[in-house]
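Engineer: Need coordinates for the following:
(2 chains, ligands or ions: 2)
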Amino acid sequence: MTLRTDRLRNELLEARPRICPERARFFTASMKMTDGQPIVKRRVRAYGDVLRSMSLYVRDGELLVGNLASTPRGAPVFPEYSVEWIEREFHGDPYHFYERPNDVYDYDEETKTEVLEILAQWRGHTVYEIVRGLIPDAARQAWDIGAIDDDWVTQNGFGNILPDYGVLLPQGLRGVIDRAKARLAELDLKQPGEAKKQWFLESVIAANESVIGFAGRYAEKLEEMATRESDKARRAELETMARNCRNVPENPPSSFWEALQAVWFIHVGILLETNGIAISFGRFDQYLWPYYERDLASGKLTREKALELVESFFIKVNELNIFRSWAGAKFFPGYHMAFNLAIGGQTRDGKDASNELTYVVLDATAKVAMPKPSVSLKWFERTPRELMSRTLEVVQEHSGGQPAFYNDPGVMRMLKNLGVAQEDLWNWAPVGCIEASIPGKWDFACKGPRLNKAKVLEMALHGGKDPATGITLLPGGDLASFASAQDVMDAYKRQLHYFMELQVMIEQINDEVHIQNDLNPFRASLISDCIGRGKDLLEGGSIYSTDGGPTVGAMTAGDALAGIETAVFEQRWITGAQLLHAIDTNFEDDSTTPTGEEIRLLLLNKAPKFGNDDDRADKWTVALTDYLGSTYQKEFKNSRYGKGPVPACFAYCQSSVTANVAMGKGVGALPNGRKAGEPLNNGVSPATGAEKNGPTATINSVGKLPSIWFSRGAIFNLRLSPDTLLTQAGRDRVTALVQTLFEKNQYHIQFNVVGTDTLRAAQAHPEEYRDLLVRVAGYSAFFAPLNRELQEDIIRRTEFDMAQC
Amino acid sequence: MGRIFDIKRYATGDGPGIRALVFLKGCPLACAWCANPESQHAETEILFYRDRCVGCGRCVAVCPTGAIGLDPAVGLTTDLAKCTACGRCVDACLHEAREKVGEDRSVDEVMELLGRDRRYYENSGGGVTLTGGEPLFQPQFSAALLGACKREGLHTALETSGFADREAMELVLEHVDLLYYDLKHPGPRAHQAGTGQSNAPVLRNLSRIREAFSGDLIVRIPYVPGFNEDPDVQRKMIETASRVRGIRRVEILPYHRLGLTKYAALGRTCAVADLAPVDKGSLGGLRDLGRRHGIEVEIDAR
Ligand code: SF4
Ligand code: SF4
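Structural biologist: Numbering: from 1, shown residues only, chains lettered A, B, ... in the order given. Ligands and ions are numbered 1, 2, ... in the order given. Here you go, the predicted structure:
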């Protein structure tokens, strides 16, 4: 890491996130003037006003420019999606922004007054309020109970977008504009529906011009700065940067540096249009390779300089921030934005795609060692051993679980099953936390209400009633009445189906509300074939489309089913009624025989658990997973069905992020021995403490899952003792673990290598461990600022002591 | 049938790659510093972890022979003379305070378990290691199990004290790719005192090892203060090792105390319980010693 990168990084570690009112200010002022116009035209005009008016900054020494807010780590406000949580939290409910347990934001009084004043203008008209007002009562209740939850895509815009920079860079935004103009010229406005297309295409042109203009503002600023700069070297840099901003993103980049700057402007451009998270970078080492190779050959660039540029890019990514509700911050702590960035994988003709730039990206990942972006290695059978070894070294150096490993052939198999064309498969890339997408062809790689599978099981065991609120949505038999474990499973499936239906209903409404309030022509213009069809993504502009929010707790639920089978129907330690009483009293009634605590220990220590290669437990999780995966995909269509994209269905997602902790809080005691409020399992990883037979057994359990349904991702965390990756022999063994998991067609694996000792020390002395990273779920976060519960969950996850035998 | 006390499915210190470690129960030696005391007796035993016991009495209630007593002064006691190691108390205990060590398993049963991890061995260049106890103490079973592994194409390793008769050696070594052979002390009297047995068969078997075994060979020396830390003693062992044809290296395993809780759980006391663990940094001289004898010495391969 150069001194410059080091300084920029340190400044950023010091920077306190601040609420930035600018975007809300200019956006709201503009929207007020266009009431009644088509939404796409209103929004694109407001977008243009924001890009023309917001303040720009250039940090001392930085090589790439383009900011989202007025300060590094500043968080812009998007009032059109939701306002009440902002108002509440400004008043200290449940915390003031600056005193939250994690994800704090600072602000000054002036900002608070201005933001509150803006919010007042939006109250009653936000997407969130409109959606909540339109959905059926049962859906609202299910949401309030916490069985399902659509906060993340109703309080915010939709995200999980992946442009195809490989196509975009060589044509520049000018190419996008030209294409829209050509398409506009073809329209026959006498034909039905063409008027809307005209609005859309005109908005595409305006949006792209605005982003080009945004870059132009930087060019001016940089030119002006250059004239004032006394340091000769820096002056030359500023001049080059100004020239870069004159050329990109409008035109094809003429250098590696320009290519990075182009990607950056487009990325920031997408983030300023709507605040949906998980806008991803795709196959970074592939689309930038031609520029790198050319500049290196011509002597314009050295590997060292390229590394510094990539480091600068990574620093820039960490300047981005999102303004998130406290409820949201519990699900996605650490200002998580899920910018996925892929390396490795294969070429169109099945060759190893890695190159020198792949290693440059790895070096930058290790050296910058910050939470963003989420670097992902696409593994396939011809990924070189050297690349695996270097990547695992970086896992150690980064310490926050990056890079993560993705199964290239495995994911291709899943995507094929979903209906993705053969010629697109090789180029897939992970988006957001984990979900697979085809660059430039997919609308939203992840979208829709979350599902709490453990909560639904709790309700199924209670005759459909949620014990916490007393609400019953779909009545049925309870645990005391079931005659077999299969009966329990059948009741559970029936409840699951009911909640899946509610999820789908909510999302249909959510989409219609977004269509009326939230069309976004800039991002749409980057995804094929929105321009050709003259449609926004939500109107069916993309080639591929799926919905399906993250679902949480399958392994916890599977273990609970195994616990019921063992305790009630096989060993007959207790009756179903006794077990129901035990969970209702949180295993604390010691007047029963056996006592509540004895029942808990029987379930915990004597019943089989997922993660030990034990079919008695694994069969339940497998059955549950197969049911959910096949049902989502085969039964439910999303709102774009019949409008162009395929397969336009729902799909099963197990990207739980840290929702396993937040969602666990609302779930009572369960028959796997878990007490009320404790975390659920994370992704497809075994429940905390469940695995006792080492990593091969755990991987064998995960390997049994019907991964054909996993195209929306399945997070698998494995902890390694800190010294595992220090030797070549250790890295080779871990490579074999990865390879074997992937031979079993599974999706993903990531490693946490920080020792429990270090985590405990960081808990005690957060100031000394300011930059200690941990893998949270689909992404990395700094450990020290996380709240205590989450810290504890991370520490508790079983550490496989790979050094001891 | 073989008597096994543990199978570790992801072992990393006893041979290349990812390996399964199969621990056989029973050993003719009784080394004072043994880190796996539960491996020594051939009989199945019940371990009792006093600190986990809450005194609930569930084990007492299920014991068919009345072997477990509840003594208000010391807590639970198990009368070994009455215990038949039936394991019922282990099933009854909810606090993981009791553990049964020693299970009779057939070659097929063990192979089924090992087979589950076959791809990890293959992808990592790993395999299966037999250790103990003393695998040569159950030569028929060890030979059958290793033979089955070889038929499945798995790499095999064996760790032995070398205290066995010729026939047992030959029977088993036929199926071994990598052999770990322990040397504990060159002196007959000291060996007898520390391990309870003479070192004559150990040295004799080692000197003739190449008649029976042509695979990879590593000599392991436990480094135990108060027993064999004398430089002269170490030198003699390294010399002995260096005379074996084609030996790969010597590994020094410094004494550690990780086995102490198990002595307590077995109701035994460790003869060297007060011994401090060895500082590995202080053993660098042995490496130089090896170099002088033309042999690589590695400190604590684990
Ligand atoms: S193993 Fe059987 S005989 Fe021995 S103490 Fe336990 S229950 Fe009693
Ligand atoms: S069952 Fe377990 S906890 Fe209870 S007395 Fe026996 S050993 Fe102790």
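Engineer: Buried residues in whatever helix or strand A:Met459 lives in, which are they?
Structural biologist: Secondary structure assignment for A:Met459, by DSSP states H and E: helix A:453-461. Buried residues in helix A:453-461, counted by 16 or more other C-beta atoms under 10 Å in any protein chain shown: A:453-461. All C-beta spots, glycine's among them, are computed from the backbone N, C-alpha and C.
Engineer: Report the separation between A:Ser255 and B:Val74.
Structural biologist: Using C-beta to C-beta, to the nearest Å, A:Ser255 is found at 80 Å from B:Val74.
Engineer: Same drill for the two, tell me which one is more crowded.
Structural biologist: The neighbour count for A:Ser255 versus B:Val74, taken as other C-beta atoms under 10 Å in any protein chain shown, is higher for A:Ser255 (21 against 9).
Engineer: Which parts of the stretch 551-700 of chain A are strands?
Structural biologist: Under the criterion DSSP state E, counting those that start in this stretch, the stretch 551-700 of chain A carries strands at the ranges A:551-552, A:646-650.
Engineer: could you give me the average pLDDT of stretch A:336-348?
Structural biologist: The average pLDDT within stretch A:336-348 is 96.
Engineer: cool, and stretch B:83-97?
Structural biologist: In this model, stretch B:83-97 carries a mean pLDDT of 95.
Engineer: Quick one: neighbours of A:Glu99, just the number.
Structural biologist: Using other C-beta under 10 Å, A:Glu99 has 8 neighbouring residues.
Engineer: Give me the distance between stretch A:719-736 and the centre of its chain.
Structural biologist: Relative to the centre of its chain, stretch A:719-736 is centred 27 Å away, using C-alpha atoms, centre = their mean, to the nearest Å.
Engineer: and that stretch, which residues are buried?
Structural biologist: Along stretch A:719-736, these residues count as buried under the neighbour rule (16+ other C-beta under 10 Å): A:719-722, A:724-725, A:730-736.
Engineer: tell me the mean pLDDT over that stretch?
Structural biologist: For stretch A:719-736, mean pLDDT rounds to 88.
Engineer: how long is it from one end to the other?
Structural biologist: End-to-end span of stretch A:719-736 (C-alpha to C-alpha, to the nearest Å): 16 Å.
Engineer: tally of neighbours for B:Ile7?
Structural biologist: A total of 17 residues lie near B:Ile7 under the criterion other C-beta under 10 Å.
Engineer: which non-adjacent residue is nearest it?
Structural biologist: In this structure, B:Ile7 finds its nearest non-sequential neighbour in B:Val22, 5.3 Å apart by C-beta to C-beta, 6 or more residues apart in numbering or on different chains.
Engineer: residue ranges for the helices of the stretch 201-350 of chain A, please.
Structural biologist: In the stretch 201-350 of chain A, helices defined by DSSP state H, counting those that start in this stretch lie at A:232-247, A:256-273, A:284-287, A:289-298, A:303-319, A:326-331, listed in chain order.
Engineer: Distance check, the most centrally placed residue in chain B against ligand 2.
Structural biologist: Central residue of chain B (C-alpha atoms, centre = their mean): B:Gly132, 3.3 Å from the mean position. Separation of B:Gly132 from ligand 2 (C-beta to the nearest ligand atom, to the nearest Å) stands at 27 Å.
Engineer: Identify the bridge partners of that residue.
Structural biologist: Counting by DSSP bridges, B:Gly132 is bridged to B:Leu24.
Engineer: May I have the residues that are in contact with A:Val504?
Structural biologist: The contact partners of A:Val504, by C-beta atoms under 8 Å, 6 or more residues apart in numbering or on different chains, come to A:448, A:547, A:636, A:638, A:650.
Engineer: near chain A, which residues of the stretch 101-250 of chain B?
Structural biologist: With C-beta under 8 Å from any C-beta of the partner chain as the criterion, the stretch 101-250 of chain B meets chain A at residues B:116-117, B:119-120, B:123-126.
Engineer: Now restrict the residues you listed to buried residues only.
Structural biologist: Among those, those classed as buried by 16+ other C-beta under 10 Å are B:117, B:119-120, B:123-126.
Engineer: can you put those residues in TSV and add pLDDT and distance to A:Val684?
Structural biologist: TSV is the format used below for these (pLDDT from 0 to 100; distance: C-beta to C-beta, whole Å):
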residue	pLDDT	distance to A:Val684
B:Asp117	98	19
B:Arg119	97	19
B:Tyr120	98	19
B:Asn123	97	21
B:Ser124	97	23
B:Gly125	97	28
B:Gly126	97	25
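Engineer: For ligand 2, find the nearest of the helices of the stretch 201-350 of chain A.
Structural biologist: Ligand 2 sits nearest to helix A:326-331 of all these, at 37.7 Å, using C-beta to the nearest ligand atom.
Engineer: Look through chain B and tell me its longest strand.
Structural biologist: If you go by DSSP state E, chain B has its longest strand at strand B:2-11.
Engineer: so what pLDDT did the residue in chain A that ligand 1 sits nearest to get?
Structural biologist: Nearest residue of chain A to ligand 1, counting by C-beta to the nearest ligand atom: A:Lys606, 15.8 Å away. With respect to pLDDT, A:Lys606 scores 96.
Engineer: same deal with A:Asp801?
Structural biologist: For A:Asp801, the pLDDT comes out at 36.
Engineer: when you compare where the strand or helix carrying B:Cys149 runs with where strand B:2-11 runs, what's the angle?
Structural biologist: In the assignment (DSSP H and E), B:Cys149 maps to helix B:139-151. Inter-element angle recorded for helix B:139-151 and strand B:2-11: 40 degrees (by axes from the mean of the first three to the mean of the last three C-alpha atoms, to 10 degrees).
Engineer: Show the contacting residues for the residue nearest to B:Ile7.
Structural biologist: Contacts of B:Val22 by C-beta under 8 Å, 6+ apart are B:4, B:7, B:110, B:114, B:128-131, B:145.
Engineer: That one should be in a strand, yeah?
Structural biologist: Yes - counting by DSSP: H, G, I helix; E, B strand; the rest coil, B:Val22 is located in a strand.
Engineer: if we can go back for a sec, closest to A:Ser210 out of the residues of the stretch 101-250 of chain B next to chain A?
Structural biologist: Nearest to A:Ser210 among those: B:Asn123, at 51.9 Å, using C-beta to C-beta.
Engineer: Identify the residues contacting B:Lys236.
Structural biologist: Contact partners of B:Lys236, counting by C-beta under 8 Å, 6+ apart, are B:Pro186.
Engineer: now the helix or strand hosting it, how far from the centre of its chain.
Structural biologist: Using DSSP H and E, B:Lys236 maps to helix B:231-242. Offset of helix B:231-242 from its chain centre (C-alpha atoms, centre = their mean): 22 Å.
Engineer: again with stretch B:193-207
Structural biologist: On the basis of C-alpha atoms, centre = their mean, stretch B:193-207 is displaced by 16 Å from the centre of the chain it belongs to.
Engineer: and the chain, what are its domains?
Structural biologist: You didn't say which chain, so I picked chain A. Here the domain parsing of chain A from automatic domain parsing is A:1-63+A:166-252, A:128-159+A:444-714, A:274-428+A:716-805.
Engineer: should've been chain B
Structural biologist: Split by automatic domain parsing, chain B gives B:2-42+B:103-299, B:45-101.
Engineer: In chain A, where is pLDDT below threshold?
Structural biologist: A:775-780, A:797-805 (pLDDT under 70).
Engineer: Could you look up the SS state of A:Arg413?
Structural biologist: Reduced to three states by three-state DSSP, A:Arg413 is helix.
Engineer: check contacts around it.
Structural biologist: By C-beta under 8 Å, 6+ apart, the residues touching A:Arg413 are A:708, A:745.
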